[in-house]
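Asker: Generate a structure from the sequence data that follows.
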Amino acid sequence: MSIPCPQKTTILLIRIAFFMVLYGLAGMLVAQPATVRPAPTPLQHLQNLNNLFSLQRYRLSEKLFSPTLSIANLRLPSLPLLQTLYKHRDYQPIWIQAGGLNQQGLLLFSYLRHADEHGLEPEEYSVSLISLCLNSSLMHTCEEADLELLLSDAYLRYSTHLNRGHFSPRQMDEQWYIVDSAPWKPVERLEQALASGTVQTLLDSLPPQQAQYAKLQALLKQYRQLAQNTLWPLLPELTKAELPKLEVGVSHTAVSLLRLRLWESGDLAVGYCPEADLNYFDAPLQAAVKHFQNRHGLKDDGVVGPLTRAALNLTLEQRIAQIKWNLERWRWLPDDLGASYILVNAAGFTLDLVQNSQKTLNMRVVVGRKDRQTPSFSANMSYLVLNPNWSVPHTIAIKDILPHLRQDPGYLARKNMNISQGGQKLDGRFVNWWNVGSDYFPFRISQRPGDDNALGKIKFMFPNDFDIYLHDTPHRSLFKESQRIFSSGCVRIEKPLALAETLLGWSENKLQDGLDKGTTQRVSLAETLPVYILYSTAWVDEDNSVQFRQDVYERDIGLEKAFATLYTPDPAQRELLRKARPGLYAHQATF
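Answerer: Numbers count the residues shown, from 1 in each chain. Here you go, the predicted model:
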C-alpha cells in the first residue's frame, strides 16, 4: 500500500476548496434577484443631451480651426464662412441629432441630391460623402461633426450657385456686364431662416423665380427622359452628287430618318401616316420641317439644307448641355427684374416688352456684327428722341465712312451729313481724306434728321457706358433675315412706332404729328423702364414651344468648357467613393 505524498495531498485539498468557493458564490448569485437600473429622470436625460451637445460643440470648434481640416480628403472650400456661421451659434450643430440628421438636415440633403434638376452636379455638394457619413457600416471614421460640417459647407456652395450662378459671369463671357447690386449673404440668410423656422422657404427661394427658369427646368427633365427612352436618329452626310438637299418630291432613305427625327422632337404629329412610302418627302413633312426651322431661328423654307441638317444632327446630350448653360445664365441675373421691363435677346434677335408681368409687345431686332458685338448689360430707359440727329461714333467714322469718302468726296452731302473740326463746319469735298486715318481723325461727323438717317425716326435712350440704344432704321429688309447681326452694336427694332406709343401712352396720330414736324424732340418717360440685353440660346416661349438658337457670338464656349469639368474628385477621394458605392444609398429609403 502506497502512502500519498504530502505535497500532492495539499495541492488536491486546495483545488477542492477553490471549486467549493466558486460553487458557493455561484449559488449566491443565482439566489440574488436581478438588479434593474432605474430609468433616467427628465433632469438626467437633459443632462445626457447637454453632455452630448457639449461634446459636439467642442468637436466642431476643434475641427473648424484645425489647420489641416479635411473630410475624406475633401478640403472644405467654404471654411471662412463656416467659422463665422458656427462662431455666431456658439458652435451648436444645425443639421444633426443623436443617430443621424434632424428634420432640417434631411430637408437640406434632399435638396442637394436633386441639384441636377437645376443642371448642377450633386457631387459638387458632397452628396456621396454625406451618404458615407450617414451609413456607419461603410465609414466608421466619420464623426458627427464631419457630417455637420459637410452639410453646412454644401449649403453655402449650393445656395450661392443657385442664387448667383456656379461660375463667374465675366470669366465665362467677357461681354457680360450685368451685376446684381444686392450682395448675397448665405450665412445671414441661413441664420434668419433658422431663427424663424423657415429653412424650406429659404431653400425654395434660392433659384431664379422667373417663369422662364422653371420652363427650362421642365425642358431639361423632358430631354433627359428623351435621352433614356427614345431614338434620336442623325441624318447621313450626303455629297451634292448623291443628294444636295431634302425637299418635297424627293424619295430617299434619309427621308425616313428625317421623319423619325421630327416625330421624336414633336415637330411631326405622331399619328400622321404618309399616303406613300416613308422614304417619300411629302407636304406634311415639309410643314414639319418648317416648324422645326422656326423653332431654331432658321429660314423656314421647308428644305433641309446644310444649316437645317446641322441643327437636326445635334444630339440630345448636346441639347441637354445647352439647356444647362442657359439655366446658368438666368442665375446670373438679379432676383427681381421688375414688373415692367424690356428684354432683348441678342442670340434670338428678339425684343419683348413686359408690363405688369405680362408680355405686351414682341418684335424682331438687328444686333451687332461678330466684330462689334452687342454686349449683355442692363440700364434704365428714361427718354425717347423723335427725329434724332446721329452723332457718328469715331469707330464707325473710321471703319465705315472713311473708305466711302476716299472714293467719293461727295458722300457726306448725299447722305445728309455734316462734318466739323473744332466746332467749325467744313465741306467734305475739299478734305484730303487720304491724309487722315485711325491715328489722326480730327473731325466730327453727324447726320441730320431725315428718311436716310441711320437711326430712323425714333431712338430710345437708356444711358450706359457702351453708347448702346434702341432705334428705328431705314433698312427694313434686314428684319426678314433669319440671322440678324448687321449693326455696329446698337439694337435696331422692327416696330419702333408701336413701342413708342405704348411707352408714352400716345395715340398713333399724336406720335405721327410729332414725327411729321421733322424737328428733333426729346420726350421723357413718366417712369424709367429697366432694359435688359441678354444672350439666350435656349428657351421656352409663351406657347410652350421649345426654342434653340445658334451661338452666333460663340459665348456658349466658355460655359461648355466649365461644365465639362464640373466635378473632378481627387484620386484618393474617388477610390474611397468607388469602394463604398454598392451600399452608398441604402439608407435613403427611410427618408
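Asker: Would you mind measuring from residue 257 to residue 246?
Answerer: As judged by Cβ to Cβ, to the nearest Å, residue 257 and residue 246 stand 10 Å apart. C-beta here means a position set from N, CA and C on the backbone, and glycine is covered the same way.
Asker: again with residue 72
Answerer: Residue 72 is 55 Å from residue 246, by Cβ to Cβ.
Asker: What does the pLDDT read for the nearest residue to residue 60 once chain neighbours are set aside?
Answerer: Distance criterion Cβ to Cβ, 6 or more residues apart in numbering; nearest residue to residue 60, sequence neighbours excluded, is residue 91 at 4.5 Å. At residue 91, the model reports a pLDDT of 90.
Asker: Numbering from 5 from now on, please.
Answerer: From this message on, residue numbering opens at 5, which makes the last subject residue 95.
Asker: on that earlier part again, who has more neighbours out of residue 76 and residue 250?
Answerer: The neighbour count for residue 76 versus residue 250, taken as other Cβ atoms under 10 Å, is higher for residue 250 (24 against 20).
Asker: So that one sits against residue 259, correct?
Answerer: Yes. Contact status for residue 250 versus residue 259: in contact at 6.2 Å, counting by Cβ atoms under 8 Å.
Asker: Mutual contacts of those two, please.
Answerer: By Cβ atoms under 8 Å, 6 or more residues apart in numbering, residue 250 and residue 259 have these common neighbours: residue 285.
Asker: Could you report the neighbour count for residue 109?
Answerer: 22.
Asker: Residue 100 is in contact with that one, correct?
Answerer: Yes. With contact defined as Cβ under 8 Å, residue 109 counts as touching residue 100 (5.9 Å).
Asker: What distance do you get for residue 285 to residue 72?
Answerer: 68 Å.
Asker: swap in residue 190?
Answerer: When distance is defined by Cβ to Cβ, residue 190 is 25 Å away from residue 72.
Asker: Repeat that for residue 352.
Answerer: Distance from residue 352 to residue 72, by Cβ to Cβ: 51 Å.
Asker: related to what we said a few turns ago, who touches both of residue 261 and residue 250?
Answerer: By Cβ under 8 Å, 6+ apart, the residues touching both residue 261 and residue 250 are residue 239.
Asker: out of residue 190 and residue 72, which sits in the more crowded spot?
Answerer: residue 190 (21 against 5).
Asker: and residue 450, what are its bridge partners?
Answerer: residue 395, residue 422 (DSSP bridges).
Asker: hang on, isn't it packed against residue 397?
Answerer: No. In this structure, residue 450 is not within contact of residue 397 by Cβ under 8 Å, at 10.9 Å.
Asker: And the contacts of the top strand by length along the chain?
Answerer: Scanning the chain for the longest strand, with DSSP state E as the assignment, gives strand 525-538. Contacts to strand 525-538, defined as Cβ under 8 Å, 6+ apart, come from residues 182, 333, 337, 341-342, 344-350, 378-391, 466, 472, 474, 495, 507-509, 518.
Asker: just the buried members of these?
Answerer: Among the contacts of strand 525-538, those classed as buried by neighbour count (16 or more other Cβ atoms under 10 Å) are 182, 333, 337, 341, 344-350, 378-385, 388-391, 466, 472, 474, 495, 507-508, 518.
Asker: Could you tell me which of those are located in strands?
Answerer: Those of those lying in strands (DSSP E): 345-349, 381-385, 388-390, 474, 495.
Asker: just those residues now: which is nearest residue 413?
Answerer: Using Cβ to Cβ, residue 389 comes nearest to residue 413 of those, at 30.0 Å.
Asker: Any stretches of the stretch 255-404 of the chain with poor pLDDT?
Answerer: By pLDDT under 70, the low-scoring segments of the stretch 255-404 of the chain are 278-280.
Asker: give me that answer again for 80
Answerer: Applying pLDDT under 80 to the stretch 255-404 of the chain flags the ranges 274-280.
Asker: Helices of that one, start to end?
Answerer: 257-268, 287-299, 310-316, 320-335, 398-400 (DSSP state H, counting those that start in this stretch).
Asker: what's in contact with the shortest one?
Answerer: Residues outside helix 398-400 that contact it (Cβ under 8 Å, 6+ apart) are 376, 445, 492.
Asker: ok, of those, which come out buried?
Answerer: Judged by 16+ other Cβ under 10 Å, buried ones among the contacts of helix 398-400: 376, 492.
Asker: Pull out the buried positions in stretch 406-425.
Answerer: Neighbour-count burial for stretch 406-425 [16+ other Cβ under 10 Å]: 406, 409, 413, 415-416, 419, 421-423.
Asker: That one: how far from the chain's middle?
Answerer: Its chain's C-alpha centre and that of stretch 406-425 lie 47 Å apart, by Cα atoms, centre = their mean, to the nearest Å.
Asker: Quick one: end-to-end length of it, please.
Answerer: 15 Å (Cα to Cα, to the nearest Å).
Asker: Ok, stretch 470-477 next?
Answerer: Taking Cα to Cα, stretch 470-477 runs 19 Å from one end to the other.
Asker: Can you give me the buried ones in that stretch?
Answerer: 472-477.
Asker: I am finished for the moment; much appreciated.
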